[in-house]
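In: Turn this into a structure:
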Amino acid sequence: MKRLSKFILNLIPRPLLIRLSYAVAPILAFLLKGKQYTDPIDGKSFKMFLPYGYVKQRENILSPSSLSLERHRLLWLYLKNETDFFSAPKKVLHFAPEQCFLKRFRSLKNLDYTTTDLFSPIADVKADICNLPFEDNSYDVILCNHVLEHIPDDTKAMQELYRVMKPGGWGVFQIPQDLNREMTFEDDSITDKAERAKIFGQYDHVRVYGRDYFEKLRSIGFKVEEIDYTSKLSDTEIDKFRLAKGEIIPVVYKK
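Out: Residues are numbered from 1 along each chain as shown. Presented below is the predicted three-dimensional model:
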């Protein structure tokens, strides 16, 4: 299973993989029904989750029903339990919309919800994050998760995110982060896909973020909270929901 998952991820382009997953997910969800682990996004339980990873496969991570990963389930729990995202009127901009969230967020009557991405086949607006077609101070909430590590000029992208966020607005900008690394690492001279995957974790990533990521967001103008939401959960809950203990949710605010 691990080898097959890794082969598929590295062989099939992401836009096509997104389309194919809609057909495959219901079959996997049926075959893996059980009671051991629960996806909090849809409440369904399974005897196991699927492995996932472009280089190093993480066991028991990908939900067979919603196709959520650790970070998605953690974000869902945070939004549901710690914010008014699901109840208060919000104008929301969601970059590279994840399948596990798309239909659920779109169905929320309190949200004026727009999705955007340069390549995703399921996004509403095709746009470059470094040159957004949205007016200043437009959005109450911005979700931009696991996007910035793909962007060569992440400073410009962060500036655009700040520009289109309303004063008093907030957002979640998750990234793959090595908390043991003080400084972010990037090297444009590494062009081989296999080598990039080995060093950066995925062939289309351009950097590995360190702990300085939060300070970079602050330098743009955001107020940043580094939230370890797993610290509020029991070890039993962390295992049941298949979360990554200690993962930080970067929550940003525009004053």
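In: domain parsing for the protein?
Out: 2-68, 71-253 (automatic domain parsing).
In: Tabulate the ones you listed (CSV), appending mean pLDDT and mean neighbour count.
Out: For the C-beta atoms, the positions are set from N, CA and C on the backbone; glycine is no exception. What follows is the domains of the chain, written out as CSV (pLDDT from 0 to 100; neighbours: other C-beta atoms under 10 Å):
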stretch, mean pLDDT, mean neighbour count
domain 2-68, 78, 16
domain 71-253, 97, 17
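In: Relative to the whole chain's centre, how far out is the host helix or strand of residue 74?
Out: In this assignment (DSSP states H and E), residue 74 forms part of helix 70-82. Distance, stretch centre to chain centre, for helix 70-82: 11 Å (C-alpha atoms, centre = their mean, to the nearest Å).
In: elements contacting it?
Out: Other helices and strands packing on helix 70-82, by 3 or more C-beta pairs under 8 Å, 6 or more residues apart in numbering; DSSP states H and E, are helix 99-106, strand 165-172, strand 249-253.
In: Could I get the contacting residues of residue 190?
Out: Residues near residue 190 by C-beta atoms under 8 Å, 6 or more residues apart in numbering: 196, 199, 200.
In: on that earlier part again, what inclination does the helix holding residue 74 have with respect to helix 99-106?
Out: Calculated by axes from the mean of the first three to the mean of the last three C-alpha atoms, to 10 degrees, helix 70-82 forms an angle of 30 degrees with helix 99-106.
In: Can you tell me the SS state at residue 214?
Out: helix (DSSP: H, G, I helix; E, B strand; the rest coil).
In: Pretty sure it sits against residue 249.
Out: No - counting by C-beta atoms under 8 Å, residue 214 stays clear of residue 249, with 11.3 Å between them.
In: ok, now which ones touch residue 97?
Out: 105, 115, 117, 120, 122, 123 are the contacts of residue 97 under C-beta under 8 Å, 6+ apart.
In: contacting residues around the residue positioned nearest the centre of the chain?
Out: By C-alpha atoms, centre = their mean, the chain has its centre lying nearest to residue 145, at 3.5 Å. Counting by C-beta under 8 Å, 6+ apart, residue 145 touches 71, 75, 95, 96, 98, 172, 173, 174, 175.
In: Contacts only, for the first one.
Out: Under the criterion of C-beta under 8 Å, 6+ apart, the neighbours of residue 71 are 145, 146, 174, 244, 247.
In: Please identify the one among those residues that lies nearest to residue 81.
Out: Nearest to residue 81, judged by C-beta to C-beta, of these is residue 247 at 15.6 Å.
In: That closest one and residue 228 touch, don't they?
Out: Yes - taking C-beta under 8 Å as the definition, residue 247 is a contact partner of residue 228 at 7.4 Å.
In: burial count for residue 70?
Out: By other C-beta atoms under 10 Å, 21 other residues sit near residue 70.
In: Give me the distance between the residue nearest to it when sequence neighbours are not counted and residue 200.
Out: In this structure, residue 70 finds its nearest non-sequential neighbour in residue 244, 4.3 Å apart by C-beta to C-beta, 6 or more residues apart in numbering. To residue 200, residue 244 is 18 Å away according to C-beta to C-beta, to the nearest Å.
In: Centre of the chain to stretch 181-191, how far?
Out: Here the centre of stretch 181-191 is set off from its chain's centre by 21 Å, with C-alpha atoms, centre = their mean.
In: repeat for stretch 193-201
Out: In terms of C-alpha atoms, centre = their mean, the centre of stretch 193-201 is found 20 Å from the chain centre.
In: Same check on stretch 66-78?
Out: Taking C-alpha atoms, centre = their mean, one finds the center of stretch 66-78 at 8 Å from the center of the full chain.
In: where exactly do the strands run in the stretch 1-150 of the chain?
Out: With DSSP state E, counting those that start in this stretch, the ranges of strands along the stretch 1-150 of the chain come out as 33-38, 45-46, 50-52, 58-62, 90-95, 111-117, 125-126, 139-144.
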